[in-house]
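Trainee: dropping the sequence and predicted coords here.
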Protein chains: 2
Amino acid sequence: MSIDRRMSIDMDIEEFRRHGHEVVDWMADFLRDIEKLPVKSRAKPGEIIGQLPEKPPQEGEPFEAIFQDFQRIVVPGMTHWQHPSFFAYFPANSSRPSVLGEMLTAALGAQCMIWQTSPAAAELEERMMQWLRGMLGLPSGWDGVIQDSASSATLCSILTAREQVSGYGVNARGFDAGGRLVVYGSAETHSSIEKAVKIAGLGAESLRKVPVDGSYAMVPEKLQEAIREDRRRGNTPCCVVATLGTTGSTAVDPLAEIGEVCRKHRVWLHVDAALAGSALVLPEMRWMIEGIDAVDTFVFNPHKWMFTNFDCSAYFVKDRDALVRTFEIHPEYLKTREGRRVNDYRDWGVPLGRRFRALKLWFVLRTFGVQGIRETIRSHMEMARSVVERIEASPDFELLAPAPLNTVCFRYRPQGISDPDELNDLNARLLEAVNDTGKAFFTHTKLDGKYTIRFVVGQTYVSQRHVDQGWKLIAETAAKL
Amino acid sequence: MSIDRRMSIDMDIEEFRRHGHEVVDWMADFLRDIEKLPVKSRAKPGEIIGQLPEKPPQEGEPFEAIFQDFQRIVVPGMTHWQHPSFFAYFPANSSRPSVLGEMLTAALGAQCMIWQTSPAAAELEERMMQWLRGMLGLPSGWDGVIQDSASSATLCSILTAREQVSGYGVNARGFDAGGRLVVYGSAETHSSIEKAVKIAGLGAESLRKVPVDGSYAMVPEKLQEAIREDRRRGNTPCCVVATLGTTGSTAVDPLAEIGEVCRKHRVWLHVDAALAGSALVLPEMRWMIEGIDAVDTFVFNPHKWMFTNFDCSAYFVKDRDALVRTFEIHPEYLKTREGRRVNDYRDWGVPLGRRFRALKLWFVLRTFGVQGIRETIRSHMEMARSVVERIEASPDFELLAPAPLNTVCFRYRPQGISDPDELNDLNARLLEAVNDTGKAFFTHTKLDGKYTIRFVVGQTYVSQRHVDQGWKLIAETAAKL
């Protein structure tokens, strides 16, 4: 085939420019008008795939047709995480500068596995991790690296702990016939801990779910008992995972006491602060990391509550050599002349290939500034407090957990209903009815067996008006059940 | 603080629109003029980070300043993977429709962990995997899922194999005291296999590197011997990894024979076709997957050689239930009313959080069409063949491996030099001198101890002119050494 024909196969550069401008206008209109869309998609299973041909086209199609299908088929099938009335899960909050950063990352199209494959990506990542470390008040000697998610970072920590405790023996020879390597989390710990324990070959039976107190935080004495019991049985305590801001109710495990236990028993300590880490920019929230010096590794997600597009998870380690030694590989085709003078982040996590994620973070931190980030996060926490006040003032609603951050756990409990199953059923119906309006989106958990509605205030552009409307929707829907 | 003040913290929507248009124009200019930039960044270690302040700004900064710094500091520090004279590693080739797709993904900002969190993302992913499966000629009963990288997909496969062979016992209880679980790859297998074997707790000593033949492909008889030897020793063969297109030289392991061995000995078979998978769109390349029915899992990267932005790795499995059972977790906060009627992709891999990666793939496949993809890949292979012909015609250059795909392995061997170390040193110097011109970028490997320069033709917009210039640069630089 001729090379000239080749050049016309997809899209020439001026077509790209023209479509790029159309796409930007669509993006701006979409973000401006997003409140008019239902938050949770109304699509039924199979509704989207049924609109997509079973086979790809043989000949290329014009961009106009593709873009129309995107708007017609895809957009109505999306749940809108950037809608200010998205109060579900934890947020994955983006922001306008972050989106601009992602656009440039896409155009550069760099694969940032090692320093040589894009020095600016490696060094910007190093600097951004230093910025975040300082903003959160983490120890200045720590190193940081961007991972895709807290699940992956937690896996990295558990693997590093496994290698530390086995003298890098599992990496080399697999598991010995000796006792178990045990991991400890609270009963409210995230499901990713169990997943990581399985992946690392420890087995789910080697995960101890330490009891929690009335605020759903880990009881350090119970942790100590569990560690002692394991030692008695000939098992080896490998890693403790403390959570700042559990997924269920944002309970904050008492880090100082847990750190004392870990020090005393010489056990690796990982902190999962996936959501709550962002709140550490507020000096008044630093109580959460009292005792941080006992911690070995720490993860939080700027993609959750620091206005940076998913994915961007910040993983900090006290001992970078232990991390790198756990993951390093040295094939000839990746050797470079810079050697150890630079950070080759391929050895700081599971995947070899890496996106240029530091760029959007740089755009966000500079556009907001530290003060802007503080003000925004503080405003979210104030709005969450306003929800708490509404609930406390409502005889038909009941708060089910403390709300130390941005997440309020509650249920509807109208006078006269006290049967646990009936209440659970009622609240499940309330949640569905609210979500089906499309006006707001909430999700649930169970606390002490109670069906719990979670009201999470963390979308970048949420304001008191959205929170008030969200509460009103719940109260009015409940009254009609 | 007042909510109105909050709204002005970062960037209002019309500012976003204006900057978005500026960014699009920059992107189009950048991609249009990219050939004027050095391919490999000339930055020295520390040069970029030295230009970035040690602390983040307290107050927000205007976008103009940030965007200027991006152009001034970041761009010169990038190695340009989208430069048509990028002949290094394997490509991470993007394309214009893919970039447009990434822009929309960034604006939607959806976290696609489960169906409910964005039905269109889940169902478009399902359909795109079906399209790719058909395009590559993979068995119609297989299911597919997008992963971030082939490393992660291979880890998934080895973990699933581990669970299959242990009756899901490692997930539950960790490793028993019995023999090793052994993984087999060729001596040329990718470093990610060793990494996965370590992560999965098997230990690097449980990886057998089966000898290769003169074309650097695995010798099936040697694989069979290794499996038999392990069984004799009481070990359990767990997984064989066959590579289509090794990273060193794109050697193609003989799948039909390897499949026979795996069938006979009942061993799980994973195929790493990270690069070469894309070439299966060409009917004339389907010989590589003769015997595919014996395969359990298969990965290839549209982000390598199918014009789709990194990251986008397509992982196919024969038995989706085995995959899901290996990874599934069921916390209350992720339960939805759709249950098993939909694909919740969180259970199809390691991380919980997932980007909307299917969108860019849809844009690429529709814009190129199957024929456009075929023509482009075929043209890359033809251009690689033109490099082979140049080398064969040059008495001072030596081909070091067959070139069945788009990668040519060779070295400079001028008349009169035959000392192995001297030749290795000479070629290392040649590579550095060529790369330091900034006009093209090549990387190396070692084959049989010989320092090998790799000429990889796979950038989306590469043409014969770039390949000719690349070759001329090598020949002229060599003559001057």
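Mentor: Arrived safely.
Trainee: quick one: A:L104 and A:L124, what's the gap?
Mentor: 12 Å (C-beta to C-beta, to the nearest Å). Using the backbone N, CA and C atoms, a C-beta is placed for each residue, glycine as well.
Trainee: cool, A:F63 as well?
Mentor: Separation of A:F63 from A:L124 (C-beta to C-beta) stands at 32 Å.
Trainee: over to A:G203?
Mentor: Where A:L124 is concerned, A:G203 sits at a distance of 40 Å (C-beta to C-beta).
Trainee: give the helix, strand or coil label for the closest residue to A:V261 other than its chain neighbours.
Mentor: Counting by C-beta to C-beta, 6 or more residues apart in numbering or on different chains, A:Q224 is the residue found nearest to A:V261 once chain neighbours are left out, at 4.8 Å. Secondary structure state of A:Q224, per DSSP: H, G, I helix; E, B strand; the rest coil, is helix.
Trainee: also A:T243?
Mentor: Classification of A:T243 by three-state DSSP places it in strand.
Trainee: what segments of chain A are strands?
Mentor: For chain A, the strands defined by DSSP state E occupy A:143-147, A:181-186, A:207-210, A:236-243, A:268-272, A:297-300, A:313-317, A:397-399, A:407-412, A:443-447, A:450-456.
Trainee: can you put those in JSON lines and add mean pLDDT?
Mentor: Listed next are those as JSON lines, based on pLDDT from 0 to 100:
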{"stretch": "strand A:143-147", "mean pLDDT": "97"}
{"stretch": "strand A:181-186", "mean pLDDT": "98"}
{"stretch": "strand A:207-210", "mean pLDDT": "98"}
{"stretch": "strand A:236-243", "mean pLDDT": "98"}
{"stretch": "strand A:268-272", "mean pLDDT": "98"}
{"stretch": "strand A:297-300", "mean pLDDT": "98"}
{"stretch": "strand A:313-317", "mean pLDDT": "98"}
{"stretch": "strand A:397-399", "mean pLDDT": "98"}
{"stretch": "strand A:407-412", "mean pLDDT": "98"}
{"stretch": "strand A:443-447", "mean pLDDT": "96"}
{"stretch": "strand A:450-456", "mean pLDDT": "98"}
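Trainee: quick one: closest of the ones you listed to chain B.
Mentor: With C-beta to the nearest C-beta as the measure, strand A:443-447 is the member of these nearest chain B (4.3 Å).
Trainee: the more surrounded of A:L104 and A:L124?
Mentor: A:L124 (26 against 21; other C-beta atoms under 10 Å in any protein chain shown).
Trainee: list the residues that contact the closest residue to that one other than its chain neighbours.
Mentor: Once flanking residues are discounted, A:L124 sits nearest to A:A358: 4.3 Å by C-beta to C-beta, 6+ apart. Counting by C-beta atoms under 8 Å, 6 or more residues apart in numbering or on different chains, A:A358 makes contact with A:A121, A:L124, A:E125, A:R127, A:M128, A:I146.
Trainee: pLDDT weak spots in the stretch 301-450 of chain A?
Mentor: Scanning the stretch 301-450 of chain A for pLDDT under 70 picks out nothing.
Trainee: would you map the helices across it?
Mentor: With DSSP state H, counting those that start in this stretch applied, the stretch 301-450 of chain A shows helices at A:302-305, A:320-327, A:358-392, A:420-436, listed in chain order.
Trainee: return the most buried member of these.
Mentor: helix A:302-305 (a mean of 29; mean count of other C-beta atoms under 10 Å in any protein chain shown).
Trainee: run through who's touching that one.
Mentor: A:90-93, A:132, A:274-275, A:278-279, A:308-314, A:361, A:364, A:377, A:380, A:406, A:458, B:353.
Trainee: distance from the chain centre to it, please.
Mentor: Mean C-alpha position of helix A:302-305 versus that of the full chain (C-alpha atoms, centre = their mean, to the nearest Å) differs by 6 Å.
Trainee: also stretch A:413-431?
Mentor: Its chain's C-alpha centre and that of stretch A:413-431 lie 31 Å apart, by C-alpha atoms, centre = their mean.
Trainee: same thing with stretch A:45-58?
Mentor: So, by C-alpha atoms, centre = their mean, the centroid of stretch A:45-58 is 31 Å from its chain's centroid.
Trainee: could you list the buried residues of it?
Mentor: Across stretch A:45-58, burial judged by 16 or more other C-beta atoms under 10 Å in any protein chain shown covers A:P45, A:E47, A:I48, A:I49, A:Q51, A:L52, A:P56, A:P57.
Trainee: and what of stretch A:218-229?
Mentor: For stretch A:218-229, a neighbour-count test (16+ other C-beta under 10 Å) marks A:M218, A:V219, A:P220, A:K222, A:L223, A:Q224, A:A226, A:I227 as buried.
Trainee: for the record, mean pLDDT for that stretch?
Mentor: Across stretch A:218-229, the average pLDDT comes to 98.
Trainee: and which of the contacts of A:A358 is nearest chain B?
Mentor: Nearest to chain B among the contacts of A:A358, with distances taken as C-beta to the nearest C-beta, is A:R127, at 4.5 Å.
Trainee: which residues touch the nearest residue to that closest one once chain neighbours are set aside?
Mentor: Leaving aside its chain neighbours, A:R127 sits nearest to B:L52 (4.5 Å; criterion: C-beta to C-beta, 6+ apart). Neighbour list for B:L52: A:E123, A:L124, A:R127, B:I73 [criterion: C-beta under 8 Å, 6+ apart].
Trainee: OK, now which residue of the stretch 201-350 of chain A is nearest to chain B?
Mentor: A:G201 (2.3 Å).
Trainee: A:N171 and B:A204 touch, don't they?
Mentor: Yes - between A:N171 and B:A204 there is a contact under C-beta atoms under 8 Å: 6.3 Å.
Trainee: pick out whichever of those two has more residues nearby.
Mentor: Using other C-beta under 10 Å as the criterion, A:N171 and B:A204 rank with A:N171 on top: 25 against 16.
Trainee: report the contact partners of the more buried one.
Mentor: A:E163, A:T326, B:K198, B:G203, B:A204.
Trainee: burial of the fourth one, as a residue count?
Mentor: What it means is B:G203. When neighbours are counted by other C-beta under 10 Å, B:G203 registers 24.
Trainee: right, and it touches A:S166 too?
Mentor: No - the criterion here is C-beta under 8 Å, and B:G203 misses it with A:S166 at 10.0 Å.
Trainee: contacting residues for A:A196?
Mentor: Counting by C-beta under 8 Å, 6+ apart, A:A196 touches A:S151, A:T154, A:L155, A:I158, A:L159, A:V183.
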